[in-house]
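>>> Turn this into a structure:
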Amino acid sequence: MIDFSRRNSPSSGPLGQRKPLGVVGGMGSLATAKFLELLARNSRAKRDQDHVPFIALSLPSISDRSQAISNGSDAPLLQILERAHWLEKAGCGAIAIPCNTAHLWVSEIKQALSVELINMVEITRQAISASRGREIHNLRSIALGTSASMQHPLYVRPSENGFGKDFIQNLKQIQSDTVKIIDDVKSGNLNDSQTNLMRVIRSARSFDPDLIILSCSELSAISGDLGDDNDIIDPIHFLASACIEWWMAEGRSSPNLMTNRS
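Predicted coordinates for the structure are as follows:
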């Protein structure tokens, strides 16, 4: 028979001695699934035990982020913090939020947490600077995202000076089309949304930008191989890579804590 009395020690519990990643998901559910897929695909694991351990809390009842920001409400922030604190109490050592718009509250979230928030926006900015040799504000960039993330830019505010006098008017149509695509993804209309995303990308490319940033994770979820294109920036990819690096760094700082082998 199994002696369950030996299972009272935290080190022998399901979490082991190293704290897993916590993922605040559900914004939206397909976007969360895309992030978790990238976490698994990019982990360079050779066996099950080498993957990044995580606890994903995907409760999609979080209020619409764009509507809340437009109305001056912080209801989504409070709901995000409820989930993040639950993950903290569950034993997670860092928190990731695979939602761009949620990062409009990044300062408040970081301040409220006792563990690290892996900041997708900051990581993406750093990756762009490292790969392009210039800060993002010195690049001609177009960000595609929710109405809130385009009205309150997370990454860059495109200007007429960078793209010409016809750009701002055309950008309004690009933004409108992008919001429709995001709504289609959330409602499960994936075939039309993928076709329309390619059309919006072509429209954005007509202005010859240095970068096109997918600043909504619903766009990332249907982007397919777009992320391989040199001009496309997908923050969800950078977030997944940063979470993997966080886990590997945790292992290096705790050399005596090894994943159990089976």
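>>> Show me where the chain has its strands.
Taking DSSP state E as the criterion, the chain contains strands spanning 21-25, 54-58, 94-96, 116-118, 141-145, 211-215, 232-233.
>>> What pairs with the fifth one, parallel or antiparallel?
Right, strand 141-145. Using DSSP bridges, the strands paired with strand 141-145 are strand 211-215 (parallel).
>>> Now tell me which helix or strand of this structure has the poorest mean pLDDT.
Within the chain, no helix or strand scores below helix 160-163, which has a mean of 65 by mean pLDDT, DSSP states H and E.
>>> Now for the residue nearest the centre of the chain: which residues touch it?
Centroid-nearest residue in the chain: P98, 2.8 Å away (criterion: C-alpha atoms, centre = their mean). For P98, the contacting residues are 23, 25, 27, 31-32, 34-35, 120, 217, 236, 239, by C-beta atoms under 8 Å, 6 or more residues apart in numbering. Where C-beta positions appear, they are placed from N, C-alpha and C, glycine not excepted.
>>> any idea which of those residues has the most stuff around it?
S217 (31 neighbours; other C-beta atoms under 10 Å).
>>> Check whether that residue really touches K34, as I assumed.
Yes - using C-beta atoms under 8 Å as the test, S217 is close enough to K34 to be in contact (6.8 Å).
>>> pLDDT weak spots in the stretch 51-200 of the chain?
158-161 (pLDDT under 70).
>>> Name the residues contacting each of S217 and K34.
98, 236.
>>> all helices for the stretch 51-200 of the chain, in order.
Using DSSP state H, counting those that start in this stretch, the helices of the stretch 51-200 of the chain run over 65-71, 75-89, 106-112, 120-132, 147-151, 160-163, 167-186, 190-205.
>>> for the residue nearest to P235 when sequence neighbours are not counted, what are its contacts?
Nearest in space to P235, with sequence neighbours left out and distances taken as C-beta to C-beta, 6 or more residues apart in numbering, is T124 at 4.3 Å. The contact partners of T124, taken as C-beta under 8 Å, 6+ apart, are 155, 213, 233, 235, 238-239.
>>> and if you look at R125?
Contacts of R125 (C-beta under 8 Å, 6+ apart): 136, 155.
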